[in-house]
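1. From the sequence below, what's the structure:
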Amino acid sequence: MLEGYALVSTVLNAFSLASACLILLAILLMRIYRRDLTQRVSLHLTCGIAVADILFHTASMEKPKVTSPGAYCRFTVWLIVFSNLLFIFLTVCIGINLLMVFIFGMRDPHFLEKCYFAASILLALGISIIPVIFDKFTLDPNINSCWYDKADITAWELMTHNLWIILGEVVCSLSITAVCVKLLKHKNELLKNHPADASGDTIKLRRAKRFLHHGVARIILYPTVPVISQTAFILVGFVPKEDLELALYIAMILNSTQGFMNLAVFLFDPSIQASWKKIRKDLIDQYHFRYNSENYNRTFDRIMNWMVKRFFLTRRGDHYFDSKFYSFDDFGASVPLRSDIGPPNTPPPEVPLRPLDLEQSPRPHGRLLTKEFTRDWIADSEYKCI
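-> Model (predicted):
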């Protein structure tokens, strides 16, 4: 059992370690490509969570290799406890930040960001160092693995590990519930106060609110990760002996895939969606609208032109990417390019759009603001708060 446990644990931890590294790489590339999309508190906290995951899964991979008591055994267990608590506290901070912004209406929570990181690091460090001081991390000869001293494992594990995980899960669950209730309430209010035949400005406002709620609903996925990954580990102590082996495997699988869960949630983050739309728009603009076979004579340019035509311009009904009728401006709004709008060969008038207040934002050529413009406006303003 122990050999199979160690093998599966190592593979899953390596997979989660790679997932955490991908999160950091993606955020770094987003920051280089479009820095404004990374200026969100929850995204910064996600970076901290990814670092905690890297520490946690690295230590978890080393733990089965340690077969003798000593300093390295104590350090490995301490690193597991510290990084796990850090992950819990940073995730709790995401839930608290959502409550501060979405429930209590705080418009600029960025000044709390340093408090979030400082409190999380100091709490995780202070709690995890206490067992080290009292020499409570050691090798259990029965299972040949480093953990808390078996003589009084229940009290020490509860006070310096399990209790804080339980409290973190409670706070995360409360924040998830509160935000979901708020989202449902706002949805009902929008349907009630803004009928289907409302004016154009009301429709734009309702659309903006809908996309904001959609983004919040994705960000609230972050606090669900510790509830899923840590609950089974806490419940193992209450499982009957005959079911203990199965419970340990389930807890190990969930605990070892924590980094992968965070990656899955990260892929639903609004910043990822906005970055992809920006990249797609830039590629179409560069390798389709501005493409000229005489100027773009490199093999790479021809390949990119083919890929853009093949994968980005074939969506039926997606007029935003229809090269016959639309081009792009800086914010993703679609501007008609049909020749029957004006005299032949007359370039379309430039319509500068600025991220003004949504109620006063201009309408390009009398059209409602497109979905892409609304999303960019949300990403540049409301999303920065969360």
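
2. May I ask you to confirm that Lys278 is in contact with Arg34?
-> Yes: the pair Lys278 and Arg34 qualifies as a contact (C-beta atoms under 8 Å) at a distance of 5.7 Å. The way it works is simple: take the backbone N, C-alpha and C, and place the C-beta from them, glycine included.

3. what about those two, which has more around it?
-> Legend: neighbour count by other C-beta atoms under 10 Å for Lys278 and Arg34, higher for Lys278 (19 against 16).

4. Please report the distance of that one from Arg35.
-> Applying C-beta to C-beta, to the nearest Å, the value for Lys278 to Arg35 is 12 Å.

5. ditto for Ala71
-> 42 Å.

6. What separation do you get for Trp164 and Gly126?
-> 11 Å.

7. same thing with Gly237?
-> In terms of C-beta to C-beta, Gly237 sits 24 Å off from Gly126.

8. ditto for Asp243
-> 36 Å.

9. And Ser271, by the same measure?
-> For Ser271, the distance to Gly126 - C-beta to C-beta - is 32 Å.

10. Mind checking which of those two has more residues around it?
-> Taking neighbours as other C-beta under 10 Å, Ser271 and Gly126 compare with Ser271 leading, 25 against 12.

11. looking at this structure, which helix or strand does the model trust least?
-> strand 326-328 (a mean of 35; mean pLDDT, DSSP states H and E).

12. ok, the residue nearest the centre of the chain - contacts?
-> The residue lying closest to the centre of the chain (C-alpha atoms, centre = their mean) is Phe266, at 2.9 Å. Contacts here follow C-beta atoms under 8 Å, 6 or more residues apart in numbering; on that basis Phe266 touches 23, 26, 46, 272.

13. and the residues you listed as TSV, adding secondary structure?
-> As requested, the contacts of Phe266 are exported to TSV (DSSP: H, G, I helix; E, B strand; the rest coil):
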residue	secondary structure
Ile23	helix
Ala26	helix
Thr46	helix
Ile272	helix
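
14. for these, which one is nearest Thr154?
-> Thr46 (33.8 Å; C-beta to C-beta).

15. Quick check: chain neighbours aside, which residue is closest to the closest one?
-> Phe266 (6.3 Å; C-beta to C-beta, 6 or more residues apart in numbering).

16. go on, Ser60?
-> Nearest to Ser60 is Asn13, by C-beta to C-beta, 6+ apart, at 4.7 Å.
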